[in-house]
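# Sharing a sequence plus its predicted fold:
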Amino acid sequence: MKSSVFYAIIATMLFFISCNQLSKEEQEFDALMQQVIDVHDEVMPKMGEMSNLIKELEPKIDTTTNGQTYSKAQQDVKDAYDYMMTWMSNFSDTFPHDVDNEMSKEKLSSQMKLLKEEDIKVKKLKDQINASIKNAKALLEKP
């Protein structure tokens with residue numbers, strides 16, 4: 001009798017564990033979402049640095065060729081900054097935080113397509129931010 005109760009408890013636990021496991025598609029979605037968030041988290045702290053670079057470049061801008069080089073560098077940093085702000089807003093609209101975790105296969109498939117696009121966008125964003133910072137720092141002769 002005791003062993004049959006034990007086996008019933010084990011069977012019930014296994015049933016609940018298997019019901020709570022994510023499908024392969026859900027696991028892939030979660031992994032890609034984490035990858036996108038990780039890239040965001042990597043570049044987000046650079047927003048303050050970008051603001052500082054924009055301010056530091058401002059007094060060097062004038063109508064000379066050299067001044068226009070600073071102007072271009074500043075605009076590149078501003079564009080990267082704006083791209084980050086726009087990307088975050090659009091991402092929040094596309095993938096709201098309070099969404100129900102249960103998705104149909106069709107919904108999961110469409111969300112996965114959108115997330116793959118966001119992965120490409122956030123990597124482009126990262127490259128744009130890093131390149132604009134590197135260029136601005138080189139012009140300002142900062143390490």
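Now that the structure is in, tell me what you want to look at.
# Count the neighbours of Val122 for me.
Val122 is flanked by 22 other residues according to other C-beta atoms under 10 Å. From N, CA and C alone the C-beta is placed, and that goes for glycine too.
# Can you name the helix or strand that it falls in?
Element membership of Val122 [criterion: DSSP states H and E] is helix 105-140.
# ditto for Pro96
Counting by DSSP H and E, Pro96 is found in no helix or strand.
# Next, the contact list for it, please.
Pro96 sits next to no residue when contact means C-beta atoms under 8 Å, 6 or more residues apart in numbering.
# what's the neighbour count on the nearest residue to Leu139 once chain neighbours are set aside?
Excluding the flanking residues, the one nearest Leu139 by C-beta to C-beta, 6 or more residues apart in numbering is Ala73, at 5.1 Å. Counted with other C-beta under 10 Å, residues neighbouring Ala73 total 23.
# Specify the local secondary structure of Ala73.
helix (DSSP: H, G, I helix; E, B strand; the rest coil).
# contacting residues for it?
Contacts of Ala73 (C-beta under 8 Å, 6+ apart): Leu57, Ser132, Asn135, Ala136, Leu139.
# How about the residue positioned nearest the centre of the chain: what's its closest non-neighbour residue?
Against the mean C-alpha coordinate of the chain, by C-alpha atoms, centre = their mean, the closest residue is His40 at 3.3 Å. Sequence neighbours aside, Val122 is the residue nearest to His40 in space, at 6.0 Å (criterion: C-beta to C-beta, 6+ apart).
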